[in-house]
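Chemist: predicted model follows, preceded by the sequence.
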Amino acid sequence: MAWNEPGGGKPRDPWRDNGGGKNDLDDAINRLKERFGRLLGGGGGGGGSGGASGGGIFMAIAGLLIAWLLFDSWVQIDARQQGVVLRFGEYSRSMTPGFNLKWPRPVESVTKVDATQIRSISDTVRMLTRDENIVQVEFNVQYQVDNATRFLYSTRDPDETLKQAAESAVREVIGSNNLDAIMPDQRVEPVAGEAAVANPSAELALQAKKVVQGTLERYDAGLLVTELNFQNVRPPQEVKDSFDDAISAREDRQRASNIADAYAKRVVPEARGEAARILAEAKGYKAERIAKAEGDAQRFDLIATEYRAAPEVTRKRLYIEAMQQVVGETPKVIDFTNGKNLLQIPVPGASTTAPSATQAAAAGITATETDKGGQ
């Protein structure tokens, strides 16, 4: 049977009226409206009831949208914070403390950063000094956010960037100084010609702080270093015993040097005083000899004048004066035995005691006279 042939008492041609029932498409639309109304809480009545329910839903959605716009269109930034606004994920502007307007999400989003919070990192590194000694340095860095935008988006990890910059700065400062400048508490004596520093470690820490800040500014990290301290600077544990031995030897050297300095401070002034005394005596002796020589020269000139006037008398006088000078200073023994005058002059260094009576009798001496006054 063909599809358009009548059968069963009813025509099957789709272009013809099949009995005046409702169109299948209208039925489907009506069923969808009913289901949608039941889903939104409406009744399952006719078309008028469905239209009223649809209008209420629209008004509810519009109210929620307006409330959301009002609530998400402003943001409050505290006095300690900085706000960074992103528009569709791209930096747009920065917000100051107070109430600020913005587009609601997802158009604009705000990230708040505490700009007054003091953050801190600590690290321990081993490094070489300029004089090739190994030291272990424990340092601490305190910092805060200076620019929230740069802090968030200039570097991937600002804290790690700061840590690496601080380690590099500490290595630079420690590597450019000797061990005595880095560890002043281990130094026995100051280096000659080196200016005294109240706290060398604080001075080195200040240098490292300046280097770190310069590095962060080159990276636009948005961080401000407020403090950098060397908490502990010491030799590694593996070489601590050898280091202590070196310090002990240096102390022994300094102790010996102090003893030598004390001895020099005591002996040198004495030697200088003795030298000054000898020099003064030498100058006095010099003046004395010069004066005596000048006097002898003048005396010789006078004697020469007298000698030219009376040679014989002058010669005899000189002889007598010479004998008086020689004999007058030595003991003498005069023997008058048998009417002969015998003058005995003892040899220098021999006994000058006069012979006793027994000795004189044995020698045939009857009379002796001791004259010590010199004639």
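Modeler: Good, I have the coordinates.

Chemist: all strands for the chain, in order.
Modeler: Ranges of strands in the chain, per DSSP state E, are 74-77, 81-87, 90-95, 98-101, 108-114, 119-128, 134-145, 223-234, 332-335, 342-344, 368-371.

Chemist: how about CSV for those strands, with mean neighbour count and distance to residue 290 added?
Modeler: (Each C-beta comes from the backbone N, C-alpha and C, glycine too.) Formatted as CSV, the strands of the chain follow (neighbours: other Cβ atoms under 10 Å; distance: least, Cβ to Cβ, whole Å):
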stretch, mean neighbour count, distance to residue 290
strand 74-77, 15, 103
strand 81-87, 19, 97
strand 90-95, 14, 99
strand 98-101, 11, 104
strand 108-114, 17, 96
strand 119-128, 13, 71
strand 134-145, 19, 70
strand 223-234, 17, 70
strand 332-335, 17, 35
strand 342-344, 10, 38
strand 368-371, 13, 38
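
Chemist: residue boundaries of the helices in the stretch 251-375 of the chain?
Modeler: 311-327, 357-362 (DSSP state H, counting those that start in this stretch).

Chemist: confidence-wise, which of those helices is weakest overall?
Modeler: Note on the helices of the stretch 251-375 of the chain: lowest mean pLDDT is at helix 357-362, with a mean of 46.

Chemist: returning to what we had before: would you turn the strands of the chain into JSON lines with mean pLDDT and distance to residue 167?
Modeler: Formatted as JSON lines, the strands of the chain follow (pLDDT from 0 to 100; distance: least, Cβ to Cβ, whole Å):
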{"stretch": "strand 74-77", "mean pLDDT": "80", "distance to residue 167": "34"}
{"stretch": "strand 81-87", "mean pLDDT": "85", "distance to residue 167": "28"}
{"stretch": "strand 90-95", "mean pLDDT": "82", "distance to residue 167": "30"}
{"stretch": "strand 98-101", "mean pLDDT": "78", "distance to residue 167": "39"}
{"stretch": "strand 108-114", "mean pLDDT": "83", "distance to residue 167": "25"}
{"stretch": "strand 119-128", "mean pLDDT": "90", "distance to residue 167": "6"}
{"stretch": "strand 134-145", "mean pLDDT": "91", "distance to residue 167": "8"}
{"stretch": "strand 223-234", "mean pLDDT": "90", "distance to residue 167": "11"}
{"stretch": "strand 332-335", "mean pLDDT": "66", "distance to residue 167": "105"}
{"stretch": "strand 342-344", "mean pLDDT": "58", "distance to residue 167": "107"}
{"stretch": "strand 368-371", "mean pLDDT": "39", "distance to residue 167": "107"}
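
Chemist: returning to that earlier point: can you lay out the helices of the stretch 251-375 of the chain as TSV showing mean neighbour count and distance to residue 265?
Modeler: Shown next, in TSV, are the helices of the stretch 251-375 of the chain (neighbours: other Cβ under 10 Å; distance: least, Cβ to Cβ, whole Å):
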stretch	mean neighbour count	distance to residue 265
helix 311-327	11	52
helix 357-362	11	64
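
Chemist: how about those in CSV, adding distance to residue 236?
Modeler: Converted to CSV, the helices of the stretch 251-375 of the chain look like this (distance: least, Cβ to Cβ, whole Å):
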stretch, distance to residue 236
helix 311-327, 89
helix 357-362, 98
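
Chemist: of all those, which one is nearest residue 146?
Modeler: Closest to residue 146 of the helices of the stretch 251-375 of the chain is helix 311-327 (Cβ to Cβ; 106.7 Å).

Chemist: elements contacting the closest one?
Modeler: helix 240-309 (3 or more Cβ pairs under 8 Å, 6 or more residues apart in numbering; DSSP states H and E).

Chemist: now the angle between helix 311-327 and the helix it packs on, please.
Modeler: Direction vectors for helix 240-309 and helix 311-327, defined by axes from the mean of the first three to the mean of the last three Cα atoms, to 10 degrees, enclose an angle of 140 degrees.

Chemist: quick one: helix 240-309 to strand 223-234, angle?
Modeler: Compare the direction of helix 240-309 with that of strand 223-234 by the same axes, to 10 degrees and you get 70 degrees.

Chemist: ok and helix 240-309 relative to strand 134-145, angle-wise?
Modeler: With the same axes, to 10 degrees as the basis, helix 240-309 and strand 134-145 are set at 110 degrees to each other.

Chemist: elements contacting helix 240-309?
Modeler: Other elements packing on helix 240-309 under the criterion 3+ Cβ pairs under 8 Å, 6+ apart are helix 311-327.

Chemist: in PDB, list the C-alpha atoms belonging to the helix it packs on.
Modeler: Output of helix 311-327 as PDB, limited to C-alpha atoms (Å, rounded to 0.1, in the frame of the first residue of the first chain):
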ATOM      1  CA  PRO A 311     169.200  80.700  79.700                       C
ATOM      2  CA  GLU A 312     171.200  79.300  82.500                       C
ATOM      3  CA  VAL A 313     168.900  80.400  85.300                       C
ATOM      4  CA  THR A 314     165.900  79.300  83.400                       C
ATOM      5  CA  ARG A 315     167.300  75.900  82.700                       C
ATOM      6  CA  LYS A 316     168.200  75.300  86.300                       C
ATOM      7  CA  ARG A 317     164.800  76.400  87.400                       C
ATOM      8  CA  LEU A 318     163.100  74.100  85.000                       C
ATOM      9  CA  TYR A 319     165.300  71.200  86.300                       C
ATOM     10  CA  ILE A 320     164.400  72.000  89.900                       C
ATOM     11  CA  GLU A 321     160.700  72.200  89.100                       C
ATOM     12  CA  ALA A 322     160.800  68.900  87.300                       C
ATOM     13  CA  MET A 323     162.700  67.100  90.100                       C
ATOM     14  CA  GLN A 324     160.200  68.600  92.600                       C
ATOM     15  CA  GLN A 325     157.300  67.300  90.600                       C
ATOM     16  CA  VAL A 326     158.900  63.800  90.300                       C
ATOM     17  CA  VAL A 327     160.300  63.400  93.800                       C
END
